[in-house]
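Undergrad: What follows is a predicted protein model with its sequence.
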Amino acid sequence: MLRPLQGLFRSEDYPDLLVGLGEPDDAAVWRLDDERALIATTDFFTPVVDDPYDYGAIAAANALSDVYAMGGQPFLALNIAALPPNLPVEISAEILRGGAEKAREAGVVLAGGHTVQDKEPKYGLIVLGFVHPQRILSKKGAQPGDALVLSKPLGFGTVTTALKREQADPSDVAEAVGWMKRLNRQAGELAVEFGLRGGTDVTGFSLLGHGLEMANASGVGLRFFFERIPFTRGARRYASEWIFPGGSADNKLFYGSQVRFAPGIDEASQMLLFDAQTSGGLLLAVPPRSLDELLERAAQVGQPLWVVGEVISGAGIEVL
């Protein structure tokens, strides 16, 4: 789909475009001067939960995450929304309020936006942020020997799909919603504080899909330890009932040939690692010398972190 754009925006013609179409990263980055670069991103999607306020807040947290995943701080956002004309105005207002209050929590000014009519609601943000040009967090920054650290559990795709099928326990939904609404701000700030260079956020392409983007961009392999990977409370139960969004099957089809699983990991467990996430956590590559101090600092500020694997020489991903 993007092939018609090839050659139209060559990187050598735009020396200040530090991250663009040629990279698999989470946002575009444009150098303003020696001290500042501008991060630009957008993301929006259809409802993943029933409550309109939560939907708006999750969509905003998800869009803001792309800036945190680049090591930046967002400062300005615009709404982007498609709303059915027959949708009660109270519901539309709650979607926008959820997004606005999440932006305010992030210290971001919501300054306008654009809406169109559509048959199904769609909502998200255009987000701008700043980052130092020499401190960009990117998918090409992982090095062999780095530890792989995750800042949120997995399972959001299977839980929200169970909700759509009216098979989800309300407590499982509440847990997943709480995580999806959580900003990646603190995890991103820790990455910058410790000078990390390799990272991404885990969203629609799943842990394994986004992990492969990091591995391929960095020219390394990744090794995950399944028993160390955190999941939301109901995720394994819904996975055992084969409740997954369509994107999870797409992820397995597209990325599966580059992943090697240990024989004891059953198919449902494998699919949990291909599960399409919404507003997932950051996956960070942490040099060994920084790991203990990073985990200690994270505990001090109340930021959950799980050490789920390591960067290795080679290619692809292995899951043990």
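TA: That came through, no problem.
Undergrad: phi, psi of residue 235?
TA: phi -60, psi -50 (degrees, to the nearest 10).
Undergrad: Without its sequence neighbours, what residue ends up closest to it?
TA: residue 155 (2.8 Å; CB to CB, 6 or more residues apart in numbering). C-beta coordinates here come from the backbone N, C-alpha and C atoms, glycine included.
Undergrad: try residue 298
TA: Closest to residue 298 by CB to CB, 6+ apart is residue 305, at 4.6 Å.
Undergrad: Roughly how far does the one you found sit from residue 71?
TA: 16 Å (CB to CB, to the nearest Å).
Undergrad: same check, this time on residue 28
TA: Residue 28 is 14 Å from residue 71, by CB to CB.
Undergrad: Looking at those two, which has the bigger crowd around it?
TA: Counted by other CB atoms under 10 Å, residue 28 and residue 71 do not tie: residue 71 has more neighbours, with 24 against 19.
Undergrad: before we move on, the earlier item: surely the residue nearest to residue 298 touches residue 293?
TA: No. At 11.9 Å, residue 305 and residue 293 do not qualify as touching, with contact defined as CB atoms under 8 Å.
Undergrad: Tell me which of the two has more neighbours.
TA: residue 305 (22 against 12).
Undergrad: any idea how far the more buried one lies from residue 290?
TA: Residue 305 is 12 Å from residue 290, by CB to CB.
Undergrad: Apart from its neighbours in sequence, what residue is nearest residue 159?
TA: Closest to residue 159 by CB to CB, 6+ apart is residue 176, at 4.2 Å.
Undergrad: surely the one you found meets residue 157?
TA: No. With contacts defined as CB under 8 Å, residue 176 does not count as touching residue 157, sitting 9.3 Å away.
Undergrad: Mind jotting down where the strands sit in the stretch 151-300 of the chain?
TA: Applying DSSP state E, counting those that start in this stretch to the stretch 151-300 of the chain gives strands spanning 198-201, 221-224, 259-261, 282-286.
Undergrad: And these: which comes nearest residue 99?
TA: strand 198-201 (17.9 Å; CB to CB).
Undergrad: Now do that closest one, average pLDDT.
TA: In this model, strand 198-201 has an average pLDDT of 96.
Undergrad: Packing partners of it?
TA: helix 52-68, helix 206-218, strand 282-286 (3 or more CB pairs under 8 Å, 6 or more residues apart in numbering; DSSP states H and E).
Undergrad: Now these in TSV, please, with extra columns for mean pLDDT and distance to residue 233.
TA: Formatted as TSV, the helices and strands packed on strand 198-201 follow (pLDDT from 0 to 100; distance: least, CB to CB, whole Å):
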stretch	mean pLDDT	distance to residue 233
helix 52-68	98	18
helix 206-218	97	18
strand 282-286	98	21
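Undergrad: For the residue located most distally from the centre of the chain, give its distance to residue 46.
TA: Most distant residue from the mean C-alpha position of the chain: residue 86, 31.8 Å away (CA atoms, centre = their mean). Distance check for residue 86 against residue 46: by CB to CB, it reads 16 Å.
Undergrad: for residue 68, same thing?
TA: Distance from residue 68 to residue 46, by CB to CB: 23 Å.
Undergrad: These two - which one has more neighbours?
TA: A count of neighbours by other CB under 10 Å puts residue 68 above the other of residue 68 and residue 46, at 31 against 12.
Undergrad: Residue 150 pairs with what?
TA: For residue 150, the beta-bridge partners under DSSP bridges are residue 283, residue 306.
Undergrad: Lovely, talk soon.
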